[in-house]
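In: Generate a structure from the sequence data that follows.
(one chain, ligands or ions: 1)
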Amino acid sequence: MFELKLLCPEERVEVVSEAFDALDALSVSVEDADAQTDAERALFGEPGMPAPRPGWERSRVTALFATQPAAEEAARLLALQDFFDGCEILGVTAVPEQDWVRLTQSQFEPVPITGDFWIVPSWHEPPPGAIRTIRLDPGLAFGTGTHPTTRMCLRWIARQGAQAGAAGLGRTLDYGCGSGILAIGAARFGAAPIDAVDIDPAAVQATQDNARANGVELHAGLPEQAQGRYQTVLANILATPLKVLAPLLCAHLAPGGHLVLAGILERQAEELQEAYAPFVRLAVADSEDGWILMVAQG
Ligand SMILES: C[S@@+](CC[C@H](N)C(=O)[O-])C[C@H]1O[C@@H](n2cnc3c(N)ncnc32)[C@H](O)[C@@H]1O
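Out: Sure, this is the predicted structure:
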């Protein structure tokens, strides 16, 4: 494949990008041509100052073409247009062949939660010693195990699951399930039955698909699907929604059950404790990279 690169003033970027579409470019990308130089300008405004103009002063526009003649013909045609005034062709270069699938896959390696509990992409063999695995590929919904908040929840599940033994984690609610990773992880430690809910229909679909791929039985749906009390309530969202959800999540917590909250920064611990104080006593149970896990018993 071949790349045609141009320099464009901000006001020409849209029309040039549309022209590339019309010239059958396979893709078009736009970058700040002054990035990492003294001429680079911030796009955000200072408080009290007028908002800056949208877009960069000068953009580097790159269009991808299947062949060198197609890229050179596009450059020739563009240079003839009135709207090309102020733009400059930087050249056509060959793009080295890459195995894009392999390159993307290499960025997602198996993730250990404990010594024998791993998240493993579908294209990998489970590492030796991985007794329990969650098979999961990156997709549209949050939750591949690369984020500390997800990992802390899974560590708690593994610890609690091991302690609970045959009793397992009991009836479990994964509130804000994303990819369904926590629900599937809980199933590996004996949680049943499991409800996994999310406000995002794409997350509900991802959870259903991932559960099926992992041979896990659960009920995925929108938040109204959460009904009654649960022995384990997991919610990895963010501090603000978690505060708003305090009465609802606590109403779903069975007496003696565990409430497990993540998506909270260290400095937000007290505000979460205050929001949940009318219902339960939250305590910090784990931390990683500035994020904390907070747990309470019903
Ligand atoms: C940080 S992701 C966590 C995904 C997964 N549970 C994990 O631990 O990796 C948060 C998820 O909560 C969902 N969410 C955000 N606000 C919500 C709400 N008020 N009710 C239900 N789900 C919500 C988002 O759509 C998103 O999928």
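
In: Only alpha carbons, please: show stretch 255-273 as PDB.
Out: This file holds the C-alpha atoms of stretch 255-273, laid out as PDB (Å, rounded to 0.1, in the frame of the first residue of the first chain):
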ATOM      1  CA  PRO A 255     -27.800  -9.700  55.000                       C
ATOM      2  CA  GLY A 256     -24.200 -11.000  55.500                       C
ATOM      3  CA  GLY A 257     -23.500 -10.600  51.800                       C
ATOM      4  CA  HIS A 258     -20.600  -8.700  50.200                       C
ATOM      5  CA  LEU A 259     -20.700  -5.400  48.400                       C
ATOM      6  CA  VAL A 260     -17.600  -4.900  46.200                       C
ATOM      7  CA  LEU A 261     -17.000  -1.500  44.600                       C
ATOM      8  CA  ALA A 262     -14.300  -0.400  42.200                       C
ATOM      9  CA  GLY A 263     -13.600   2.500  39.800                       C
ATOM     10  CA  ILE A 264     -12.700   4.700  42.900                       C
ATOM     11  CA  LEU A 265      -9.500   6.700  43.200                       C
ATOM     12  CA  GLU A 266      -7.600   6.700  46.500                       C
ATOM     13  CA  ARG A 267      -8.600  10.300  47.300                       C
ATOM     14  CA  GLN A 268     -12.300   9.500  46.800                       C
ATOM     15  CA  ALA A 269     -12.400   6.900  49.600                       C
ATOM     16  CA  GLU A 270     -14.000   9.200  52.200                       C
ATOM     17  CA  GLU A 271     -16.700  10.500  49.900                       C
ATOM     18  CA  LEU A 272     -17.700   6.900  49.100                       C
ATOM     19  CA  GLN A 273     -17.700   6.000  52.700                       C
END
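
In: So which bits of it are buried?
Out: For stretch 255-273, the buried set under the neighbour-count rule, 16 or more other CB atoms under 10 Å, comprises 257-264, 268-269, 272-273. Placement of C-beta: from N, CA and C, glycine included.

In: Restricted to helices, list those residues.
Out: 269, 272-273 (DSSP state H).

In: so which of the buried residues of stretch 255-273 comes closest to the ligand?
Out: Set against the ligand, the nearest of these by CB to the nearest ligand atom is residue 263 (5.5 Å).

In: Spatially nearest residue to the closest one (excluding sequence neighbours)?
Out: Of all residues not flanking residue 263 in the chain, residue 238 sits nearest, at 4.4 Å (CB to CB, 6 or more residues apart in numbering).

In: now residue 181
Out: Residue 181 sits nearest to residue 143 (CB to CB, 6+ apart), 4.0 Å away.

In: What is the neighbour count of that neighbour?
Out: 31 (other CB atoms under 10 Å).

In: Same check on residue 233?
Out: Residue 233: 27 surrounding residues under other CB under 10 Å.

In: did I read that right, it in a strand?
Out: Yes. Counting by DSSP: H, G, I helix; E, B strand; the rest coil, residue 233 is part of a strand.
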